[in-house]
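Asks: Fold the following.
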Amino acid sequence: MKMPPLNMDEVLLLIDTYNNMRKTKNAATKTSFYRDLSGILRSLPFFPELKDEAQFRSDSAVEIMLNNIFYSETQREGIWTRMTQRQAQVIEYYKDDKYLLHDVANTIRNVIKTGLDLKIEEAPDSFMGGSILYSFHKYIEEKGEMAQVFAEEFAGETVCQLCGRDMRETYGDLAPKMMSIHYAAPIAWYPSALQLMSAEYLHLCPNCHTLAHTEVRLLEGENLMSAIK
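Replies: As a prediction, the model looks like this:
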């Protein structure tokens, strides 16, 4: 049976694993990396019909994919001949920020391990953080206890904390209904996101909140503020 290509979440985990093991020479350690990555890929919610297939994201398949990346990097420097376009995009996007990639991958791992009943929403094409991180972010905003507290504190407020626009000037009494809560903490904090202080949230207008969800780096409040200013 032909296996489906890796989706964005799987590629993020693959490249992060490669970054972590690339300098490892110990065979037993490498085998552990293969096994761990295979296990998490098989536990993702994207291909439930294939979970019982022995070949699906197997240890050996993972080893081949990781070796392909190694071959591309070491034998054909600068030319990613054995990787998919998506894999090359992820490497390019995170080439100067491997720590962010590791934080994203850790969030994916932690969300899966906790068994959270998460409705997976497809992330925008420009969002290089995968659908699990994207969906977890929206879950925090919509169902997180502290997010609800923050929303109550700003009930009736109509001035966007990012662009400074007062929505009431255009929409009158309807303006409060258009405002929304944005979770603005660093990605590294996501594993404990439901317990964070309400200060890690922003009260945004629809345009600014939509912008914040277009790119994984813009989820973080400091990056979002810098982008606007």
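
Asks: residue ranges with poor pLDDT in this protein?
Replies: For the chain, residues meeting the criterion pLDDT under 70 lie at 1, 75-81, 193-198, 229.

Asks: and residue 181, that one's in a helix?
Replies: No - Residue 181: not assigned to a helix; according to DSSP: H, G, I helix; E, B strand; the rest coil it is strand.

Asks: what's near enough to touch it?
Replies: Contacts for residue 181 (C-beta atoms under 8 Å, 6 or more residues apart in numbering) come out as 141, 147, 150, 151, 154, 201, 202, 203, 204. All C-beta atoms are positioned from the backbone trio N, CA, C, and that covers glycine.

Asks: Just the ones of those in strands?
Replies: 201, 202, 203, 204 (DSSP state E).

Asks: Okay, the second one and residue 161: tell me how far apart.
Replies: Spelled out, that is residue 202. In this view, residue 202 and residue 161 are 5 Å apart by C-beta to C-beta, to the nearest Å.

Asks: What of the last one?
Replies: To residue 161, residue 204 is 6 Å away according to C-beta to C-beta.

Asks: Neighbour count for these two, which is higher?
Replies: Each of residue 204 and residue 161 has its neighbours counted (other C-beta atoms under 10 Å); residue 204 has more, 22 against 18.

Asks: Beta-bridge partners for the more buried one, please?
Replies: With DSSP bridges applied, residue 204 shows beta-bridge pairing to residue 180.

Asks: For stretch 26-37, output the C-alpha coordinates as PDB.
Replies: The C-alpha trace of stretch 26-37 is given here as PDB (Å, rounded to 0.1, in the frame of the first residue of the first chain):
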ATOM      1  CA  ASN A  26      25.800   6.400  18.100                       C
ATOM      2  CA  ALA A  27      23.700   3.800  16.400                       C
ATOM      3  CA  ALA A  28      21.600   3.000  19.500                       C
ATOM      4  CA  THR A  29      20.800   6.700  19.900                       C
ATOM      5  CA  LYS A  30      19.700   7.000  16.300                       C
ATOM      6  CA  THR A  31      17.500   4.000  16.600                       C
ATOM      7  CA  SER A  32      15.800   5.700  19.600                       C
ATOM      8  CA  PHE A  33      15.200   8.800  17.500                       C
ATOM      9  CA  TYR A  34      13.600   6.700  14.700                       C
ATOM     10  CA  ARG A  35      11.400   4.800  17.200                       C
ATOM     11  CA  ASP A  36      10.200   8.000  19.000                       C
ATOM     12  CA  LEU A  37       9.400   9.800  15.800                       C
END
